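Peer 1: got a predicted structure plus its sequence, pasted below:
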Amino acid sequence: MAGSNQVYDVVKDFGATQTDAMGNKYTANQATYNSKNNRLQLTLSTGSNSSLDLFAHELKHMYQFEIGEISLGLTESGGNANLIKGNLLFYDLTDEFEAYKRGDLFGANEQIMSASEVITKKGYDDRIPIGPFNAVNHPEAAKIRLNPQSYADKYNVAFRL
Ligand SMILES: [Zn+2]
């Protein structure tokens, strides 16, 4: 990634920390595309579960972005992409499965065994496709290549080809 023309950034945002009904504070790290400075941004919050494994999880998403395996929402949209015809462009549960596996290498013990377990064990929305969808195998890959910005706008995401 050091040789990439994409700039990757780590930003601290203590306001992103989430608090539950008991007052416990939870880390809410996120990888998003900041269109104000054109940097892929890893936003780090603080919380009781702040740890290297969550950081490693988001770094995996950044690497997936680098190689065209994932599309990521915009920082100014809170990372939310548009679901169109059952997909989120290149984002899918397989990307999350791989990121949780990376987290396990750095001390997490999620024991998620498949992409579908990302829904059952981590509570992800079951409308997110299993995938993997990426810049190569997406059903509209050829059309995306011809006019990538129109797809970025339609899905409200950023991606690399
Ligand atoms: Zn993730």
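Peer 2: Ah, there it is. Everything numeric in this text was worked out from a predicted model, so none of it was measured. Numbers count the residues shown, from 1 in each chain.
Peer 1: which other residues reach the helix or strand encompassing T43?
Peer 2: Using DSSP states H and E, T43 falls within strand 39-44. Strand 39-44 is contacted by residues 6-13, 16, 27, 29-34, 50, 55, 58-59, 62, 65, 72, 75, 158 when judged by C-beta atoms under 8 Å, 6 or more residues apart in numbering. The way it works is simple: take the backbone N, C-alpha and C, and place the C-beta from them, glycine included.
Peer 1: likewise for stretch 66-86?
Peer 2: 1, 4, 6, 30-36, 40-41, 43, 61, 64-65, 88-91, 95, 127, 129, 132, 134-136, 152, 154-161.
Peer 1: buried subset of those, written for PyMOL?
Peer 2: A single PyMOL command is used to select the members of the contacts of stretch 66-86 judged buried by 16 or more other C-beta atoms under 10 Å:
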select buried, resi 30+31+32+33+34+40+41+43+61+64+65+88+89+90+91+95+129+132+134+135+152+155+156+157+158+159+160
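Peer 1: and the contacts of stretch 66-86, which of them are in helices?
Peer 2: Secondary structure from DSSP state H places H61, Q64, F65, D95, A152, K154, Y155 of the contacts of stretch 66-86 in helices.
Peer 1: which of those sits closest to the ion?
Peer 2: H61 (5.5 Å; C-beta to the ion).
Peer 1: isn't that closest one up against D95?
Peer 2: Yes - assessed by C-beta atoms under 8 Å, H61 is found in contact with D95 at 6.9 Å.
Peer 1: show me where the protein dips below the pLDDT cut-off.
Peer 2: 16-18, 27, 48-50 (pLDDT under 70).
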